[in-house]
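Asker: Output the structure for:
(chains A and B)
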Amino acid sequence: MTRLLLGATVVGGLLGRFLLPSTVTANLSQYAFWLLLLVLFGIGIELGSSDSLGKRLLGIKPKHLLLPVTSALGTLLGAGLAALLLGVRLPLGLGIGAGFGWYSLSSIILAELAGAEIAAIAFLTNVIRELISIPLIPKLFRHNFGPAAITPGGATTMDTTLAVVSRAADQEMTLLAFYHGVVLSTLSPILVTLLGSR
Amino acid sequence: MPTIVLATVACLLLVMGAKIGGNPEVLASLPRLGGKSLVFATLSIAGGVLLSLPLRGRN
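Answerer: Presented below is the predicted three-dimensional model:
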């Protein structure tokens, strides 16, 4: 899946650079808007039909239910600091962070709301985040970071990096990672849209 | 991800890629944007980990 999505981006980049006339590239946003609505609709259905979430929550220690909150706040603090250091407008910087590693969704929303440059940063930031997470998560578990070891994966801990957590930690951490990913995946499109349009 | 959503996301990434590729200014600044992105990714991860450390507890 990662290869398909990264491949689509590179092919698109090559088309835009070498093939498509500027009259076409200028109108891309109009086509993208309707596709984006369709994607958000599909993701809503997918999250709404995660049937066993309620049962899975019972296997998690109550204190650990706070993990998505500390994870999201910490990410936004870090992204806010990065925005201040790099001279990126604060709401857009927070919007980049609120991708929570979900590079496909955050970058296509920001491409519509904030332009190609911010979309490119959101894409690269969240791809890099996933690439760092895969080796980092097992390291943090080995050094006894506990639930915090899940957080680098962000929204992807319900799918792509869930396997990484399940190999590195026990079943409670795997349940917690899934729950963490579902909450951040629900928050991400909302926060990115709110922040990207400011 | 359901196939139709995945296919639509792939289409959208194709469009986003075309937007970036069709914008010479953004294309020229990709190396600089990569550096910025690394800072965003590193600080975002660090913030999430640090703020979540207190949940570790004793056992």
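
Asker: Would you mark the buried spots in the helix ranked longest in chain B?
Answerer: If you go by DSSP state H, chain B has its longest helix at helix B:30-52. Buried residues in helix B:30-52, counted by 16 or more other CB atoms under 10 Å in any protein chain shown: B:33, B:36-49, B:51-52. Bear in mind the C-beta positions are built from the backbone N, C-alpha and C, glycine included.

Asker: Also stretch A:142-154?
Answerer: By 16+ other CB under 10 Å, the buried positions in stretch A:142-154 come out as A:145-154.

Asker: For chain B, tell me whether that stretch is touching it.
Answerer: Yes - with CB under 8 Å from any CB of the partner chain as the criterion, chain B is reached by stretch A:142-154 at A:144-152, A:154.

Asker: Which members of these occur in helices, if any?
Answerer: Per DSSP H, helices hold no members of those.

Asker: got the angle for the helix or strand hosting A:L67 vs helix B:30-52?
Answerer: Assigned by DSSP states H and E, A:L67 belongs to helix A:67-86. Orientation of helix A:67-86 against helix B:30-52 (axes from the mean of the first three to the mean of the last three CA atoms, to 10 degrees) gives an angle of 140 degrees.

Asker: Against A:E130, how distant is the closest residue to chain B within chain A?
Answerer: Going by CB to the nearest CB, chain B is nearest to A:G12 of chain A, at 2.4 Å. Distance, A:G12 to A:E130, using CB to CB, to the nearest Å: 19 Å.

Asker: hmm, who's touching stretch A:15-25?
Answerer: Here stretch A:15-25 makes contact (CB atoms under 8 Å, 6 or more residues apart in numbering or on different chains) with B:14, B:17-23, B:27.

Asker: please redo it, this time with the cut-off set to 7 Å
Answerer: Residues outside stretch A:15-25 that contact it (CB atoms under 7 Å, 6 or more residues apart in numbering or on different chains): B:17-22, B:27.

Asker: Pass me the low-pLDDT residue ranges in chain A, would you?
Answerer: Scanning chain A for pLDDT under 70 picks out A:50-54.

Asker: residue ranges of the helices in it, please?
Answerer: So, for chain A - with DSSP H - the helices run A:2-14, A:22-25, A:28-48, A:53-57, A:67-86, A:90-97, A:103-114, A:116-142, A:162-168, A:171-196.
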